[in-house]
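K.L.:
here's a sequence, model it:
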Amino acid sequence: MKKIRKIAVEQNFAAISVGKLNELNEYELQLGPDVKIPGKVFCSTALGTTGSEFSFQSFAPGTETGFLHSHKSHEELYFFLSGKGEFQVDGTVFPVEEGSVVRVSPAGKRSVRNNGTTPLLMLCIQYCSNTFSQEDATDGIILKEPVKWKVSPK
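P.N.:
You can find the predicted model right below:
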């Protein structure tokens with residue numbers, strides 16, 4: 001089974017690689033003794049994120065999530081990176097493809113399937129709903145320091 005590779009870790013950052021997106025099918029997420037999800041990898045623990053969880057997932061042609069799920073307090077954003085498929089929320093089914101983005105509130109009952117002929121690649125970001133404020137939208141600070149690029153030792 002494929003593993004996440006750490007690239008660099010310092011006090012104020014961490015960088016990882018999940019590898020080539022066309023190799024996501026080499027991951028398998030074990031949720032319990034009877035629940036294995038092929039092609040899915042959660043990344044937040046490896047990065048040490050403190051405000052969200054995210055995962056990559058590859059659905060082979062003809063495969064699907066296999067279950068509906070919702071959340072207690074987490075909203076999710078689904079970014080479709082390649083392929084074609086269908087998404088279902090609360091019984092409404094609609095097409096998704098490369099470039100599609102879907103937001104689902106915590107209570108939404110959701111599932112995904114690949115009804116195409118190539119892998120359907122997805123990035124899902126999960127975060128606590130109703131926490132982003134107008135002040136957060138202007139949180140960035142542009143620093144008056146020059147950007148200097150230097151080659152890092154390997």
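K.L.:
contacting residues for residue 16?
P.N.:
Residues in contact with residue 16 (C-beta atoms under 8 Å, 6 or more residues apart in numbering) are 4-7, 43, 46-47. Where C-beta positions appear, they are placed from N, C-alpha and C, glycine not excepted.
K.L.:
now the residues you listed: which count as buried?
P.N.:
4, 43, 46-47 (16 or more other C-beta atoms under 10 Å).
K.L.:
and residue 136, what element?
P.N.:
Remark: residue 136 resides in helix 134-137, with elements defined by DSSP states H and E.
K.L.:
apologies, that question was intended for residue 7.
P.N.:
Here residue 7 is assigned to strand 5-10, by DSSP H and E.
K.L.:
figure out how far that strand is from the centre of its chain.
P.N.:
Centroid displacement of strand 5-10 relative to its chain, using C-alpha atoms, centre = their mean, to the nearest Å, is 19 Å.
K.L.:
that one: what's the following helix or strand?
P.N.:
strand 13-17.
K.L.:
quick check: mean pLDDT of that following strand?
P.N.:
Averaged over strand 13-17, pLDDT sits at 96.
K.L.:
any idea which helix or strand comes after that strand?
P.N.:
strand 28-32.
K.L.:
for the helix or strand following that next one, name the packing helices and strands.
P.N.:
Using DSSP H and E, the helix or strand that directly follows strand 28-32 along the chain is strand 35-38. The contact analysis (3 or more C-beta pairs under 8 Å, 6 or more residues apart in numbering; DSSP states H and E) places strand 35-38 against strand 28-32.
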